[in-house]
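Participant: heads up, no residue letters with this:
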Ligand code: AVJ
């Protein structure tokens, strides 16, 4: 029960996030260096992600928003009124209001590990929906979460937009879906966004835009490591790369060393040869079958699937 945790972010005596340091040091010692994508989102990284969603080549946010705008009547019919809407991750200022105005929810329960993001999202939503009870919960939603007593009798609708599920490998995604099922209970529905497999060129440019916003987002991780973990990584020696990896149907983002480099992080030394990479993100893409398979493995039964007009992105409704 996350309510009994003293705090969700564990800082050492120097104010360093222990989990961040552990992930970075472990990741840099691996054969294929890799750092989990969740560490992109410091203040600058969160701003850069916002900027990405406005970039011409990055279609997922616009495509998903289009579905939410245009299918409101169908959501209302299938979901019905009075549900407690439990959003996994603090809501976006655009998508969440579209869903809430479509379905007449009984309450809104945003879950986020960052209390700061959570309070901002809750305040924003309360202002937009004055009569709607909002119960923010500071929690790590990758684990089962105990929801507030106020919503214990209400049937739930989980909302997990953005294809964030795509950032996880199948094993982790399955665990998350099962934990969501546990959090939401027997009567629950889940509305989840999944990005679709499509033309490779379109996928690659969505993750390597001409303006370089995604590159800046990826490179910011190195700047964050240098700042927070006392690193001296030569940032300019790296470049952003987005790869389509066909057998896993995923985009991988890497930071490629362009020359031999040596550096230290938190007092530990590392070296990389020219061409060697740090793997920083997976973004899995789905088709009808793989999406259904993933949901079923996570103990959810697909009910209905919507796509945008260009069939770039899907929103899927599933039941417990
Ligand atoms: C919204 C977190 C799923 O994978 O598309 C955007 C993050 N990374 N550009 C995605 C992201 C590079 C994004 N997620």
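Facilitator: Ah, there it is. Please read these numbers as outputs of a predicted model, since none were measured by experiment.
Participant: check which helix or strand covers residue 305.
Facilitator: For residue 305, the host element (DSSP states H and E) is strand 301-307.
Participant: who does that strand touch, helix- and strand-wise?
Facilitator: helix 72-79, helix 288-297, strand 313-319 (3 or more CB pairs under 8 Å, 6 or more residues apart in numbering; DSSP states H and E). C-beta: built from backbone N, CA, C; applies to glycine.
Participant: quick check: buried residues in it?
Facilitator: 302, 306, 307 (16 or more other CB atoms under 10 Å).
Participant: which residues does the second one contact?
Facilitator: If I follow you right, that is residue 306. Contact analysis of residue 306 by CB atoms under 8 Å, 6 or more residues apart in numbering lists 67, 71, 74, 314, 315, 316.
Participant: from the buried residues of strand 301-307, which is closest to the ligand?
Facilitator: When those are ranked by distance to the ligand (CB to the nearest ligand atom), residue 307 comes first, at 16.5 Å.
Participant: just give the nearest non-adjacent residue to the closest one, would you?
Facilitator: In space, and not counting its chain neighbours, residue 307 is closest to residue 314: 5.0 Å by CB to CB, 6 or more residues apart in numbering.
Participant: count of neighbours near the one you found?
Facilitator: Residues contacting residue 314 under the criterion other CB atoms under 10 Å number 22.
Participant: could I get the helices and strands packed on strand 301-307 as CSV with distance to the ligand and mean pLDDT?
Facilitator: CSV is the format used below for the helices and strands packed on strand 301-307 (distance: least, CB to the nearest ligand atom, whole Å; pLDDT from 0 to 100):
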stretch, distance to the ligand, mean pLDDT
helix 72-79, 21, 98
helix 288-297, 15, 98
strand 313-319, 10, 98
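Participant: give me whichever of the ones you listed is most buried.
Facilitator: Mean neighbour count (mean count of other CB atoms under 10 Å) peaks for strand 313-319 among the helices and strands packed on strand 301-307, with a mean of 22.
Participant: ok, the residue in the chain positioned nearest to the ligand - how many residues close by?
Facilitator: Nearest to the ligand, among the residues of the chain, is residue 283, at 3.4 Å (CB to the nearest ligand atom). Around residue 283 there are 20 other residues, counting by other CB under 10 Å.
Participant: pretty sure it sits in a helix.
Facilitator: No. Counting by DSSP: H, G, I helix; E, B strand; the rest coil, residue 283 falls outside a helix, being strand.
Participant: what pairs with the strand holding residue 305, parallel or antiparallel?
Facilitator: When pairs are called by DSSP bridges, strand 301-307 turns out to pair with strand 313-319 (antiparallel).
Participant: tell me if residue 255 really is in a strand.
Facilitator: Yes. Checked against three-state DSSP, residue 255 lies within a strand.
Participant: ok, it - contacts?
Facilitator: Residues counted as contacts of residue 255 (CB under 8 Å, 6+ apart) are 218, 219, 221, 222, 238, 239, 240, 241, 277, 278, 280.
Participant: so what's the backbone phi/psi at the third one?
Facilitator: With angles defined as degrees, to the nearest 10, residue 221 shows backbone torsions of phi -60, psi -40.
Participant: ok, back up a step: how about TSV for the contacts of residue 306, with distance to residue 110 added?
Facilitator: As requested, those are exported to TSV (distance: CB to CB, whole Å):
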residue	distance to residue 110
67	21
71	22
74	24
314	23
315	18
316	21
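Participant: so which of the helices and strands packed on strand 301-307 gets nearest residue 48?
Facilitator: Nearest of these to residue 48, taken as CB to CB: strand 313-319 at 20.9 Å.
Participant: show me what that closest one is in contact with.
Facilitator: 59-60, 63-64, 67-68, 71, 75, 78-79, 161, 163, 188-196, 286, 291, 295, 300-307.
Participant: then stretch 93-104?
Facilitator: Here stretch 93-104 makes contact (CB under 8 Å, 6+ apart) with 64-65, 68-69, 71-73, 75-76, 79-83, 85, 87, 108, 110, 121, 124-125, 128-129, 132, 157, 159, 161-162, 191.
Participant: can you do 7 Å?
Facilitator: Residues outside stretch 93-104 that contact it (CB atoms under 7 Å, 6 or more residues apart in numbering) are 64-65, 68-69, 72, 75-76, 79, 81, 85, 87, 108, 124-125, 128-129, 159, 161.
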